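Peer 1: Attaching a predicted model along with its sequence, questions to come.
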Number of protein chains: 2
Amino acid sequence: MAVPAPGSQREIRRRNLSRVLYSVAEHGPSSRASAAARLGLTRTAVSTLVDELLRGGLLAEQGPESPGGGPGRPGTALALTDSGPCGLGAEIGVDHLSACAVDLRGQVRAHIRVESRSRDSSSEAVLGRLGALVEEVASAARAVELRPSGLGVAVPGLVARGTSTVVHAPNLGWHDIDIAPVLAQAVNKTQAGPPGRGAGLPDAGAGFLEAKAARAAPAPSLTVDNEANLAALAELWRGGARMPRDFVHVSAEVGIGAAVVLDGELLCGSRGFAGELGHTPVRPDGPRCACGGQGCLEQYAGERAILRASGIKEAGSREAGSRETALAALAERAASGEPQALRALGGAGEALGIALAGTVNLLDPGAVVLGGTLARFAPWLLPSLKEQLTCRTAAPGSLPELLVSQLGAEGPLLGAAHTAVRAVLDDPPAYAMRR
Amino acid sequence: MAVPAPGSQREIRRRNLSRVLYSVAEHGPSSRASAAARLGLTRTAVSTLVDELLRGGLLAEQGPESPGGGPGRPGTALALTDSGPCGLGAEIGVDHLSACAVDLRGQVRAHIRVESRSRDSSSEAVLGRLGALVEEVASAARAVELRPSGLGVAVPGLVARGTSTVVHAPNLGWHDIDIAPVLAQAVNKTQAGPPGRGAGLPDAGAGFLEAKAARAAPAPSLTVDNEANLAALAELWRGGARMPRDFVHVSAEVGIGAAVVLDGELLCGSRGFAGELGHTPVRPDGPRCACGGQGCLEQYAGERAILRASGIKEAGSREAGSRETALAALAERAASGEPQALRALGGAGEALGIALAGTVNLLDPGAVVLGGTLARFAPWLLPSLKEQLTCRTAAPGSLPELLVSQLGAEGPLLGAAHTAVRAVLDDPPAYAMRR
């Protein structure tokens, strides 16, 4: 071999273990043979990998594969475990806090959501309450034999790339708040993270996972990201093999956010600030926006703009719950065909179509997904959105698929938990069960 | 080893050979020691790789490394060869055709440019003429000991991803024209492509490149892409290690095109149609555009729009050369401070700023590069462009770098040749010299 390529054999093995887990995660319970076919590996190779993953407690056998799986003798179906590592998610909303524990199969095993006037408290107080919720779901997870392996946190603001610092969250009034120190205590209490990685890995053969597992457990991982990014990750994860690999996810809560997914990966941007679709100029001489610009998409299709145009009064942030009340009123008026509500939503759809025309022309994505509040109001937004997109798209042929998220308001929280699940799938040896 | 991972050792070796070539390409002549440091490989490993590349005729020794290269005894500087494989580039412009041969060092070794009223001829006639130019530069390259390894072709239109089909080139009047059949003859005449890849590679040790080289030569590769994409590739290549890995390149010739580069790779889009920044809605109720939309960027910052706003008459396409005459007149008026010209360019800069604000908010690129005609008029475009970008960018902190291309109108042609050079750097064994 011409190159020593340190770690390459170990790396190949780790990658193949990971590929097996991802294959089962995306396609559901599978036989060794069908996994081998999908991965382009030999059945012998896949059997060796599967045995390691079974011993490490990351895969489980489920009895015969469903008969629809293909010709030949049915194999034993392999599924991801529902009792091994789990990912924790947490979300800081403008009017709520939530936390959950999700197993490797994607099942939500514990979930808490509480109202919170996050803007009216100090960041320390908000993070303290969130930490308590995280401890709560972690403890519930441990009670059903799950081991929290990491925590993802969704925030309604910009997070500096590769850090846990919320640089700017206007709807919380936060600037340059590092989330890690305050949350660290809660996270460490969740214990039982990955049993160590780093130097001194055994270099070959079976027993790899078990040998790894003898090491001491470091603290579970902590990932912080923008809510729109995490909602897109959740979409990708829940959609599995049916989801296009390239899409733009647009969501609205109080602000409008978007995430760009390319080849199955989130686009971060050079500083971590990609996805600010809400500040695309739609009418450059339009109303002033808090960002300093004019006529931004948020001024036409943000929740406040839509409610204002519908003549529905949204109470101030001191009355938590008022936002949901106002949105429910809008949904009711739209469903009953009230003209002002329909005009407001039609106008928002038009603004979305204009902004997304630029996005589609620039990126040529396979799909556009509407999430959050936009998913809820999709029936009234889509006609004018599609009309604008159709007449403003430069490339010949069909538009990208227009999909409506099924995850509702839970997208960011699920995506946050998924970052921790994904860390397990990415590096199976680090998360193998300690026996 | 748990996984057979077919081809993995061979693949690692190929990748490391490739990394050595890229390292020298990006950082210039380097000693073995500095290459090893940059690549994180041992000196022994790098020496083995370098020996293979020297024997294969892809690297050459240049005598001692420059004294500025770092502390310690100067090593022998390694440079890419200037006598091995070379890339051919060709460009179909609205008013010109061009072709070039570029060696691995990036030096242009042969270049032809002729005026051509491409719109007034059949696609067969245009491609026939282009083929003759390609044969010409290939023959000139062979006369100086270069071996054409592939051809890249730049076109002012949309190319379907992974194909050689121009789906839509409005300024040429082309629809669904496959370039390959007509150009194939010229390309095959350039001969001496890569000496074969595929099954039966030797599996280990030195002599790898030589053993490969015994195979028969297939036809040189042919790549077709949009001119804006290729201009961005040229920027990346010429900029070397100084260039940000994430940037948006905006150019104007007759139309406005853009290319998005992420982590050093072009974004193609799901169908190959990414980069149509020219059809970003700037003023949604503005003038009608040929794309079917209204108020597209092209209606404010395209060459025709700027010339019209300056009161300069651009003659029809039947008079090739008139475009250059008109642009020269504009440059002269702007340089002399003529108010209508300054207003026209200022308005174009403003429209560019509005469209790019959306792009910057969405992608958070490290830089925006102005190319083609936009580079030429940058002094008069940049003030209003920057003003719009500054007030419409949502994320806190500085704007992305605003760079002006130094490649001028030659960007697409150089980028086209570079696709063929890059194929050599990506797969050194396939292009090793046959002895």
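Peer 2: Perfect, thanks for sending it.
Peer 1: tell me the pLDDT at A:Ser164?
Peer 2: The model reports A:Ser164 with a pLDDT of 92.
Peer 1: Verify the stated contact: it with A:Leu222.
Peer 2: Yes - between A:Ser164 and A:Leu222 there is a contact at 6.2 Å, judged by CB atoms under 8 Å. (Each C-beta comes from the backbone N, C-alpha and C, glycine too.)
Peer 1: shared neighbours, these two?
Peer 2: A:Val153, A:Ile179, A:Ala180 (CB atoms under 8 Å, 6 or more residues apart in numbering or on different chains).
Peer 1: Show me which of these is closest to B:Pro379.
Peer 2: Among the shared contacts of A:Ser164 and A:Leu222, A:Ile179 lies closest to B:Pro379 (CB to CB), at 44.5 Å.
Peer 1: Nearest to chain B among the shared contacts of A:Ser164 and A:Leu222?
Peer 2: A:Ile179 (17.3 Å; CB to the nearest CB).
Peer 1: for the closest one, what are its contacts?
Peer 2: Counting by CB under 8 Å, 6+ apart, A:Ile179 has contacts A:Leu127, A:Val153, A:Val155, A:Ser164, A:Thr165, A:Val166, A:Leu222, A:Val224.
Peer 1: if we go to 7 Å?
Peer 2: A:Ile179 sits next to A:Leu127, A:Val153, A:Ser164, A:Val166, A:Val224 when contact means CB atoms under 7 Å, 6 or more residues apart in numbering or on different chains.
Peer 1: Most neighbours of all the residues you listed, which one?
Peer 2: Sorting these by how many neighbours each has (other CB atoms under 10 Å in any protein chain shown) puts A:Val153 first, at 30 neighbours.
Peer 1: Using the three-state scheme, assign that residue.
Peer 2: Classification of A:Val153 by DSSP: H, G, I helix; E, B strand; the rest coil places it in strand.
Peer 1: So A:Gly411 is in contact with A:Leu233, correct?
Peer 2: No - here A:Gly411 does not reach A:Leu233: they are 8.7 Å apart, not a contact under CB atoms under 7 Å.
Peer 1: what about A:Leu39, neighbour count?
Peer 2: Using other CB under 10 Å, A:Leu39 has 17 neighbouring residues.
Peer 1: distance of it from B:Arg105?
Peer 2: Using CB to CB, to the nearest Å, A:Leu39 is found at 41 Å from B:Arg105.
Peer 1: can you check A:Arg238 too?
Peer 2: Separation of A:Arg238 from B:Arg105 (CB to CB): 50 Å.
Peer 1: Could you do A:Arg10 as well?
Peer 2: Look at A:Arg10 and B:Arg105: by CB to CB, they are 37 Å apart.
Peer 1: With A:Ala335 instead?
Peer 2: In terms of CB to CB, A:Ala335 sits 67 Å off from B:Arg105.
Peer 1: out of the two, which sits in the busier spot?
Peer 2: Per other CB under 10 Å, whichever of A:Ala335 and B:Arg105 has more neighbours is B:Arg105, with 17 against 11.
Peer 1: and the closest residue to that one other than its chain neighbours, how many neighbours does it have?
Peer 2: What sits nearest to B:Arg105 in space, not counting adjacent residues and going by CB to CB, 6 or more residues apart in numbering or on different chains, is B:Leu80, at 5.0 Å. Other residues lying near B:Leu80 total 22 when counted by other CB under 10 Å.
Peer 1: confidence score at B:Leu80?
Peer 2: At B:Leu80, the model reports a pLDDT of 94.
Peer 1: Tell me who's in contact with it.
Peer 2: Taking CB under 7 Å, 6+ apart as the criterion, B:Leu80 is in contact with B:Leu21, B:Val24, B:Ala25, B:Leu59, B:Leu104, B:Arg105.
Peer 1: now A:Ala143: how far from chain B?
Peer 2: In this view, A:Ala143 and chain B are 35 Å apart by CB to the nearest CB, to the nearest Å.
Peer 1: One more: A:Lys386?
Peer 2: In terms of CB to the nearest CB, A:Lys386 sits 14 Å off from chain B.
Peer 1: And A:Val282, by the same measure?
Peer 2: For A:Val282, the distance to chain B equals 7 Å [CB to the nearest CB].
Peer 1: And the pLDDT at the residue of the stretch 201-350 of chain A at minimum distance from chain B?
Peer 2: Nearest residue of the stretch 201-350 of chain A to chain B: A:Gly269, at 2.5 Å (CB to the nearest CB). pLDDT recorded at A:Gly269 is 91.
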